[in-house]
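[1] 3D, please:
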Amino acid sequence: MNKISILKSIISFFLITLFFASCDKDFNTIGANIIDDNHFGFELDTLSSAVAFVQPTGVVQTNNLPINQLGVYANPVFGKTKANFVTQLTLASGSQNPAFNFDLKPEIMDVYLNIPYFSTKTSTETDGTGIYKLDSIYGDQKMNLRVYESGYHIQDYDASTNAQDAQKYYNNQDNLFNNNKIGQPLNNSEDKKQNTEFVPDPTEVKVYKRDNALEPTTDIETRLSPRMRLKLDSTYFYNKIFLASNDKLISNGSFKDYMKGLYFQIEDAPNGRLMKLNFGAGNITITYKQYAGLKPGTKDPITFDDDSDPTTPSVPQYVLKTFVINLAGNTVNLLEQTNSNDYASAISSPNPVAGDKKLNLKGGAEGSIAIIDLFGKPNELSDLKQKGWLVNEANLVFYVDKTAMASAIEPNRIYLYDLKNHRPVLDYVTDFSTNKDSKLNKVIHGGILEKEDVVGGRGIKYKIRITNHIRNLISKDSTNVRLGLAVSESILITSNAKLKNTTSPTAIDRVPLSNVLNPLGTILYGSNYPFSEKEYKYRMKLEIYYTKLN
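    Numbers count the residues shown, from 1 in each chain. Model (predicted):
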């Protein structure tokens, strides 16, 4: 072999070595971005210990939630939830300090309470009518809905702390508001669909234009998405608003003292329907007419003629006005939970040492979460550090008990968090993936229900990626904190709600707010399954895909 050939061989060997060294250097980063189940070339460890047990939450703080529940839902697995709601009211910017001119004879035409449903527009008819699908509604029964004036003032600050802390209200305080409701229901229409037989309607709301005499025409002025649209008592609002002294309507501070709010009450029923609503997007719109003006020097209205016939009586000229009251200020969701016997038994005796066979997770009030301990065996984590593994991916996998959940609506997502510091794990923070449905953001981190690939398929499992969390435990000596697992409403909500009492067996004093917002639950296979049991393959798993560096 000549010198040139030898030199070429050396250069080729150097370049190949450099190439593989570069591949090995970048391998960890590439592996971190895998979001499917292709783990070619990786070793898999599923024997690292992970122990999980259930933790009841008890009574929880439910004032000023971003989303609230209203109705009755009989969950066939977990029991029945009954939800009432109370809210303060504020005057819209154009309605503060009004100057009603009674010489112009103001007369209320109608009063409507409007609260949009969560809905998706699926199509549009040829005449422009929108077709919608409602979301976040559970059950299919009629609802006996009553809306009262509330006589209880919801406080901003806690008097027992000399107004140093915000006032907390809890899900079990319905009697406080029920005992202070005022008068008769305001939704007293003869149409039973407005009260005793209320059903959420997915139909688009059409508001029609009016003619000179303020009679409705067939011309559409506005199209609105589906919403709760209750006709309220006009006489009550004329007396309460139009006849109020000026000092009551001059500011929102005065108004909230004068009209303390609305109390939405659902009559209990064996079965029912429960809605999640953004009450803060709602309002009360009072539409009234008054004379367009008076003839100079008189109190007679300016009129117009219907036609040119001089014998036709003149008709007063009117203008149409609105007075808007927003559903804004302090709120309380009043949730009453009646557990099923099976669920009550399942959460009554958790096993923090060996873990539970089943993890009953339930959102809403007085629900339950799971508590997870990773690497709990003696010296397990220190031994793992000595192995020199390059962690390419790590997941917690939870299989659904499909038999137990066969008849229940399943939550679309569960949420893993640092139980000690009440915050998300690192993989949540470093996942910037988005979706047009914000509830499906952070898809790489996961926790989204994987379903059978058939129409109406049931849930199979939830998988949560915790690669960065495990890497930090192995290579950066991060603290191996306990983790919490909860049903979630929105993955973007990471704040917490206080519990009324510290719970046992683990002393926790708060739960994720997203858990409180979701009334659903799921039953997952837990960690306490020996190899000999048939359910062993469905047990909760800590999966670690790794590469041996040596």
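[2] low-scoring stretches of this protein, by residue?
    Applying pLDDT under 70 to the chain picks out residues 1-38, 40-41, 305-311, 550.
[3] which ones are touching the closest residue to Ala281 other than its chain neighbours?
    Distances taken as CB to CB, 6 or more residues apart in numbering place Pro116 nearest to Ala281, at 5.4 Å, with adjacent residues excluded. Glycine gets a C-beta too; all of them are placed from N, C-alpha and C. Contact analysis of Pro116 by CB atoms under 8 Å, 6 or more residues apart in numbering lists 224-228, 278, 281-282.
[4] who does Pro116 bridge with?
    Arg227 (DSSP bridges).
[5] on that earlier part again, ok, the contacts of Pro116 vs Thr522, which is closest?
    Checking those against Thr522 with CB to CB, the nearest one is Asn278 at 24.5 Å.
[6] can you report how many residues lie near the residue nearest to the closest one when sequence neighbours are not counted?
    Nearest residue to Asn278 in three dimensions, chain neighbours excluded: Ile67, at 5.8 Å (CB to CB, 6+ apart). By other CB atoms under 10 Å, 20 other residues sit near Ile67.
[7] which ones are touching the closest residue in space to Tyr318 that isn't next to it in sequence?
    Among residues not flanking Tyr318 along the chain, Lys289 sits closest, at 4.5 Å (CB to CB, 6+ apart). Lys289 sits next to 106-107, 109, 214, 318-321 when contact means CB under 8 Å, 6+ apart.
[8] phi, psi of Lys289?
    phi -120, psi 160 (degrees, to the nearest 10).
[9] helices of the stretch 101-250 of the chain, start to end?
    Taking DSSP state H, counting those that start in this stretch, the helices of the stretch 101-250 of the chain run over residues 174-178, 234-237.
[10] any chance of a markdown table for those helices, columns mean neighbour count?
    A markdown table is the format used below for these (neighbours: other CB atoms under 10 Å):
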| stretch | mean neighbour count |
| --- | --- |
| helix 174-178 | 17 |
| helix 234-237 | 16 |
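[11] any chance of those helices in CSV, plus distance to Gln61?
    CSV is the format used below for these (distance: least, CB to CB, whole Å):
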stretch, distance to Gln61
helix 174-178, 14
helix 234-237, 32
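[12] those helices: which one's closest to Lys299?
    Using CB to CB, the nearest of the helices of the stretch 101-250 of the chain to Lys299 is helix 234-237, at 24.1 Å.
[13] okay, the closest one in CSV with CA atoms only?
    Backbone C-alpha positions of helix 234-237 (Å, rounded to 0.1, in the frame of the first residue of the first chain) are rendered in CSV as follows:
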residue,chain,number,x,y,z
SER,A,234,-90.0,43.0,34.0
THR,A,235,-92.0,44.4,36.9
TYR,A,236,-89.3,43.4,39.4
PHE,A,237,-86.6,45.1,37.4
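[14] hmm, Leu384 is touching Ser475, no?
    No. Assessed by CB atoms under 8 Å, Leu384 is found out of contact with Ser475, at 10.4 Å.
[15] more neighbours: which of the two?
    Leu384 (19 against 13).
[16] so the more buried one, which state does it fall into?
    At Leu384, secondary structure determined by DSSP: H, G, I helix; E, B strand; the rest coil is helix.
[17] and the residue nearest to it when sequence neighbours are not counted, backbone torsions?
    Once flanking residues are discounted, Leu384 sits nearest to Ile474: 6.0 Å by CB to CB, 6+ apart. Here is the backbone geometry of Ile474 (degrees, to the nearest 10): phi -80, psi -40.
[18] what about Asp219, distance to Lys206?
    10 Å (CB to CB, to the nearest Å).
[19] kind regards, and thank you for your time.
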